[in-house]
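**Student:** this is a predicted model, with the sequence first.
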Amino acid sequence: MNLYELFQMWVNHPKKGSGRKDLDNTDECWKKVLQDIRNWESSEDKNDNDFAKYLLYTGKIRRVHLDLNEVNYNNHYVSWTSAEKLEDLYWFNSSCDHTIITAEATKDNPGISIKGFIEAMKCDNKNFELNSPAIRAEQEVIFPLQEKSILSIERIKKLKRDEKCH
């Protein structure tokens, strides 16, 4: 699977239900991408260097869960957001119970920026699209859910026990 196909498959997963399937396989793919990024960073080819800079993400990221009782630190690569405002997430409803996990992607343990991939592809093709504007606003970063990177976990209760949120 080429890089475009990998990103396309990732962003087009089902949004409801139990989430993505076959995370063991996609974990291996993302580890390979990070290895490639490291090679591109040290390449003598300026285009490779630039591409690596677009893809590599460092900084604070958040993962939002609705109806989460316990964080499963399974080290799988999952979707995070670098968006400043959670309201930019098209599916987020702040009046529902939710959990916000904040982590930090570092130079030694970076994330992979979907927004950066799109921007890099637009350098060659101004009309390049990978997803919709609503999904683009999520500013998705692919990063493993690992305890060592977590800065905070905030559980926000909004509803009474017998209320439902949709």
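**Tutor:** Nice, thanks for sending it over. Numbers count the residues shown, from 1 in each chain.

**Student:** from here on, just use CA atoms for contacts and neighbour counts.
**Tutor:** Noted.

**Student:** run a quick neighbour tally on the closest residue to residue 81 other than its chain neighbours.
**Tutor:** With CA to CA, 6 or more residues apart in numbering as the criterion, residue 81 has its nearest non-adjacent residue at 4.6 Å, and that residue is residue 140. Residue 140 has 25 neighbouring residues, counting by other CA atoms under 10 Å.

**Student:** so who does residue 140 touch?
**Tutor:** Residue 140 sits next to 79, 80, 81, 82, 83, 113, 114, 115 when contact means CA atoms under 8 Å, 6 or more residues apart in numbering.

**Student:** is the fifth one in a helix, a strand, or coil?
**Tutor:** What it means is residue 83. Following DSSP: H, G, I helix; E, B strand; the rest coil, the label given to residue 83 is coil.

**Student:** and the helix ranked longest in the chain, what does it pack onto?
**Tutor:** In the chain, taking DSSP state H as the definition, the longest helix is helix 23-41. Based on contacts counted as 3 or more CA pairs under 8 Å, 6 or more residues apart in numbering; DSSP states H and E, the elements that helix 23-41 packs against are helix 46-55, strand 77-81.

**Student:** let's have the ones you listed in CSV, adding mean pLDDT and mean neighbour count.
**Tutor:** Below are the helices and strands packed on helix 23-41 laid out as CSV (pLDDT from 0 to 100; neighbours: other CA atoms under 10 Å):
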stretch, mean pLDDT, mean neighbour count
helix 46-55, 96, 18
strand 77-81, 90, 22
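
**Student:** report the contact partners of residue 78.
**Tutor:** For residue 78, counting by CA under 8 Å, 6+ apart, the contacting residues are 142, 143, 144, 145.

**Student:** out of the contacts of residue 140, which one sits closest to residue 32?
**Tutor:** Distance to residue 32, by CA to CA, is smallest for residue 113 among these, at 14.7 Å.

**Student:** test my guess that that closest one contacts residue 143.
**Tutor:** No - under the criterion of CA atoms under 8 Å, residue 113 lies out of contact with residue 143, with a separation of 9.1 Å.
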